Structure formats: C-alpha cells, structure tokens
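Undergrad: Starting from these lines, generate the structure:
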Amino acid sequence: MRTLVAFALALASAAAQAADALDLQVDLRLVASDGRTSYLDGGLGKLRFDEGHDGLQIGRLRAAWSGDFGERWNARADVSLWRWDDATRFDITETYLEFRPYPADGWRSRVKVGASYLPVSLEHRAAGWTNPYLISSSAINTWVGEELRTIGAEYSLEWLGTRQGSDFDAGIETAVFGWNDPAGVLIASRGWTLHDRQTMLFDKMGQPGQGPVPGRVLFKEIDGRPGYWAGAHVRYLDRVEMRYLHYDNRADPEAYDPGINDYAWLTRFDSLGLRLETSGGWTFIAQWLAGNTSIEPETGYEVWDFDSTFLLVSKAWGPHRISARADWFGTDHVQTSWPPPVEEDGTGFTAGYSYDFDDHWHCAVEFLQIRSDVAARMHLGEPSRAHERQLQLQVRYAR
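TA: Model (predicted):
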C-alpha cells in the first residue's frame, strides 16, 4: 500500500507545485463532555471527546494539495492531524490520481487510482470529506470515515441528462480495491460511534480495554484477495438525489496476520440514501446501511450483524444554517462460541448552528447526545447503559 500511496502522493505534490494549489485548514474547539472513556483511548464511549478532554482541543489541522495535468488529469493529497497525542501525528486521509476524459454524447466517465472515500455519504459534500451541516457525522458515515477506503482503482460513468434536455442525471460507479481486510473490526469490537475524526492511512485505533497502544491497524492486505464495491445514483434537477452502494471486501475470515495480531474480516453491506433540497434553503437527508462482518478463528465462526439509519434536516439562509439529525444504530453478535452473545442498541440526537463570516472564517456550535446499551461494557467493569452528552464550539479558518 505504501508504494501505491507514495506514487499518488508524488503525483499530487508535483501537480500542486505546478498549479500552486494549496488548501490549509485550522479547526479549533471548545469542548464540554460527560462521555465515557473515548474510543481513541481504548474505551467504549461513543464520543470523540470524553469527560477527560474538556476545554480547548484541536478539531483538525489539514493541508491539501491538488493540481491538474492539462485538462484531463488531476491529482490530490489530503493530510491531517486530529490531536497532538496521536501516535501518527500528520498522516494521509486520501490521495489519488484521476483521469477525466471529455464528455461525449452526454456521457461522462472518470478513472481514479489511489486511496479515496467510497461514494456512499450524502452528508460529506465539503472539502476534506467534511460535513457542511453539522460538526459530527452520522453513525453511518462516522464508520465509513473510520474503517473504509478505496485503495485501488475506481471507475464511474454518468449520463448528463440535464445537458440533453432531460430532468435527470444518472450514473454507476464501481471499484476494485485491497488493503481493507480489517474493515469490520471496530463495529464488532466497539460498535458505532458519532464524531468527525477520519482514520488516516497509517493510523492505529484504540482497542477496548487496552488503551490507544498498540491499537488496531485498519488498512492492511492480509489474504491477497481483492474486494469490490458497486453503486448507482440518480438526480432530479440537482434537487433530489438517490444513491445505492453494495460493498464486499471478499476477505478470507480464516486468514491471520501476526504482524497486526488480527484476522481478515469478511465484511459486506448495502447502503441506500436520499437527499432532497428545496429552493427555500431546506435540505432533507435519509440514509440506511446494513450488513455483517465475520471472522473464523480456531474457536469457531463469529458473525456480527449491524445496521444504522439517520434522518437529517437543515435550513440555510444567507450565512446562517441550523441543522438537526436523529440516528438509530445496532449491532448483534448473532453467531459466537463465546456465551453470551454481545449486542448493542443506541440512538443519537445532534443539533447545531453555523455561521460563515466570509470565505475563510466559519463558526459553529453543536450539541450531541447518545443513549446506548453496549453489553461489552460489562467486561470493562462498567454499566452497559450510558447517556453521553457533548457540546462543541468550533472556530475554523480555511484558505
């Protein structure tokens, strides 16, 4: 993976020097939280900032380079830091080379090679795969940002019907990828969370009961078998968009990597989402995702089912925006050799207000509360039920 990423990063850096395209972002937070020990520190809390991380915190420090080679080639690299005590500090969230031929007869295609996000989120429409509606992401797209990346080749084909006199645009997308064999381990071992932190390509995630070190490696090729995803979307007058995606990493659940002390997790899911925007500044988003993940260690076959749904409503007027979102999520250890089965159920509610002072300065405030029942907490000597709340004030500068 390092060779592939280094290749795309070198191309992105060269393009950036040619086009002098450099985006910088400084995101600082004031945080008040009563959350359980964060997932980042080996706990089973659902929030990014727990009660031990109140006060002034780094939201994100980001640098992105992009540039064009002529009119059909583009390269990009995104580097971020999420907190000073992260083991990896600055690291890559995505980097890729993209080929965009000229549209022909109403058809537009694209080829992308490198490491990039799956086209599954209807929330993340801003630079750096950020959410323009709220500070924190839904449970679905938090997990996408944590565990999933297309590290390989992606192809998309779109019919530009609105340029041909139609009210609709439509397209299909597919990809072949590797280095995502551990995908599913966080859902199984920790469950869903709600936050805005994206896992970096060479990052490690805290492991429940063991603290942030050694942590879980999330992007690694274990079994030598490529995975794939395939999706489709349709848009009506750029006001209504429906998006579907099927994901299968085709991992061998018996394959084990002693270097990261983990198995290849066979993970499959389907996602369906709908976004509606009105001329009055209203946005409505609904998304559903469900699937399962499994491993087959010597102790037997282990299977976890998971599902999540969210509904979001947002209203923008001038530089102002107010938004609210409700999340429902669950995980069920449906087949296990460890009695009793482990399961999780939870709900989340998020509300926020944001204001854009100009093209560079952005301010937002967000309240997030999560009620969850996680059986695995009892193994850490904690009550299974938790009610966690977090208030954030964000000030962000971007150029």
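
Undergrad: Low-confidence ranges, the stretch 101-250 of the chain, go.
TA: Within the stretch 101-250 of the chain, the stretches with pLDDT under 70 are 209-214.

Undergrad: if you go through it in chain order, where are the helices?
TA: Using DSSP state H, counting those that start in this stretch, the helices of the stretch 101-250 of the chain run over 139-147, 185-189.

Undergrad: Looking at those helices, which is nearest to residue 232?
TA: For those, proximity to residue 232 was assessed by C-beta to C-beta; helix 139-147 is nearest, at 17.6 Å. Every residue, glycine included, has its C-beta placed from N, CA and C.

Undergrad: before we move on, the earlier item: hey, which of the helices of the stretch 101-250 of the chain is tucked in deepest?
TA: helix 139-147 (a mean of 25; mean count of other C-beta atoms under 10 Å).

Undergrad: before we move on, back to that, ok, which of the helices of the stretch 101-250 of the chain comes nearest residue 30?
TA: Of all the helices of the stretch 101-250 of the chain, helix 139-147 comes closest under C-beta to C-beta, at 21.2 Å.

Undergrad: which residues are in contact with the closest one?
TA: In this structure, residues lying in contact with helix 139-147 by C-beta atoms under 8 Å, 6 or more residues apart in numbering are 117-118, 120-121, 123-124, 129, 131, 136-137, 180, 182-187, 192-199, 205, 218, 271, 287, 289, 308-310, 327, 329, 346, 348.

Undergrad: hey, C-alpha coordinates of stretch 322-341 in PDB?
TA: Output of stretch 322-341 as PDB, limited to C-alpha atoms (Å, rounded to 0.1, in the frame of the first residue of the first chain):
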ATOM      1  CA  ILE A 322     -29.400  25.300  11.500                       C
ATOM      2  CA  SER A 323     -29.400  21.500  11.400                       C
ATOM      3  CA  ALA A 324     -30.700  18.500  13.400                       C
ATOM      4  CA  ARG A 325     -30.200  14.800  13.000                       C
ATOM      5  CA  ALA A 326     -31.500  11.600  14.600                       C
ATOM      6  CA  ASP A 327     -29.600   8.400  14.500                       C
ATOM      7  CA  TRP A 328     -30.600   4.800  15.300                       C
ATOM      8  CA  PHE A 329     -27.900   2.000  15.300                       C
ATOM      9  CA  GLY A 330     -27.400  -1.500  16.500                       C
ATOM     10  CA  THR A 331     -25.000  -4.500  16.400                       C
ATOM     11  CA  ASP A 332     -25.800  -8.100  17.100                       C
ATOM     12  CA  HIS A 333     -23.300 -10.900  17.700                       C
ATOM     13  CA  VAL A 334     -25.600 -13.500  16.000                       C
ATOM     14  CA  GLN A 335     -23.200 -16.400  15.900                       C
ATOM     15  CA  THR A 336     -20.400 -16.900  18.500                       C
ATOM     16  CA  SER A 337     -18.600 -19.500  20.600                       C
ATOM     17  CA  TRP A 338     -18.400 -17.000  23.500                       C
ATOM     18  CA  PRO A 339     -21.600 -17.100  25.600                       C
ATOM     19  CA  PRO A 340     -23.500 -14.900  26.000                       C
ATOM     20  CA  PRO A 341     -23.900 -13.100  22.600                       C
END
